[in-house]
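Engineer: From the sequence below, what's the structure:
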Amino acid sequence: MNLQQLRYLNEIARHDLKISDAAEALYTSQPGISKQIKLLEEELGIEILVRNGKRITGITEPGKAILDIARRMLRDAENLKQVGQEFSSQDSGSLTIATTHTQARYALPVIVKQFIKRYPKVKLGLHQGSPMQIAQQVLNGEADIAIATESLAMYHELATLPCYEWHHCVITPPKHPLLAEKKLTLEKIAQYPIITYDFAFSGRGKINAAFEARKLTPNIVLTAIDADVIKTYVELGLGIGILAQMAFIPERDKYLRMMDTGNLFQPSITRIAIRRNEYLRGYAYHFIELFAPHLTRQVVADALHVQNSQLPA
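Structural biologist: As a prediction, the model looks like this:
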């Protein structure tokens, strides 16, 4: 048994049991992977994969247990490398952040600038996607840290920590009749076509819940994953927008007006997520603390290494 065999097994599982895709991802041959998995099964004395002719159709029950162990061993092997790099080259390496458009565009630029100035030799990468996509990237080892508002807490394999609370706002073109209202209400908002986030993004669930609680059906004419897209179509007069307040920048959004929604929508909480028992380099802890000063190295380390017995069932 060797780590390469475990790596092959993990890639097969990651690529929906398609050996050809796993081989392409690992820059190796399909027959070579098949041979190594067969050798692993012979050594362990069990079948790991369910086969129908040459096609893999599933993973056996003992195979699932082996896959879990394999993933832990691969993570530990990567952690060993990280420990060595931490002490041989403390201020160089790589750090990949998986996040949503709103965080990458409006919350992270200042943090990224400070980080790059402090760690010029660290290669920093930003991957953008939906909350579920970025959580999966961290679980798969494709990213070190996830930052998003929704979904991250759903994954027990991830340690999640709250960063900050934020609110939604309403945006309109100049001279829109809604601007003349002395008090903004959900009933008044619901009278106009609305452009807002797709359901999986930026607190959209809080927007839906607010209207449902008042038994209102908002006329949502367009949804997007990108706050800039929402602002563009509001400028065109297609409706009013509901978006994260951080995404409205007065000096840049000169052809829009912003209305504070007060307590109309429940606040949202942005969180970070990291794989449990992950070994983080010192600069990764520093990045997190730049983004959320209350998340010190000790706080994050304690969250990462919580005992399995304390995790939800």
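
Engineer: What separation do you get for the residue lying closest to residue 152 once chain neighbours are set aside and residue 112?
Structural biologist: Excluding the flanking residues, the one nearest residue 152 by CB to CB, 6 or more residues apart in numbering is residue 273, at 4.2 Å. Yep, even glycine has a C-beta here, placed from its N, CA and C like the rest. Residue 273 sits 18 Å away from residue 112 when distances are taken as CB to CB, to the nearest Å.

Engineer: Please say which of those two ends up with more neighbours.
Structural biologist: Neighbours per residue (other CB atoms under 10 Å) separate residue 273 from residue 112, with residue 273 holding more: 27 against 16.

Engineer: Assumed that one was part of a helix.
Structural biologist: No - counting by DSSP: H, G, I helix; E, B strand; the rest coil, residue 273 is not found in a helix; it is strand.

Engineer: where exactly do the strands run in the stretch 201-313 of the chain?
Structural biologist: 220-224, 240-244, 257-260, 268-275 (DSSP state E, counting those that start in this stretch).

Engineer: Please identify which of those strands is closest to residue 44.
Structural biologist: Comparing the strands of the stretch 201-313 of the chain against residue 44 with CB to CB, the closest turns out to be strand 268-275 (25.5 Å).

Engineer: Give the buried residues for the closest one.
Structural biologist: Buried residues in strand 268-275, defined by neighbour count with 16 or more other CB atoms under 10 Å: 268, 270-275.

Engineer: For residue 102, state which of those is nearest.
Structural biologist: residue 270 (9.0 Å).

Engineer: Which of the helices or strands spans residue 196?
Structural biologist: strand 194-197 (DSSP states H and E).

Engineer: What lies in contact with that strand?
Structural biologist: 203-204, 207, 218-225, 227, 230, 233-234, 238-243 (CB atoms under 8 Å, 6 or more residues apart in numbering).

Engineer: Let me know whether residue 285 touches residue 303 as I believe.
Structural biologist: No - using CB atoms under 8 Å, residue 285 makes no contact with residue 303, being 11.7 Å away.
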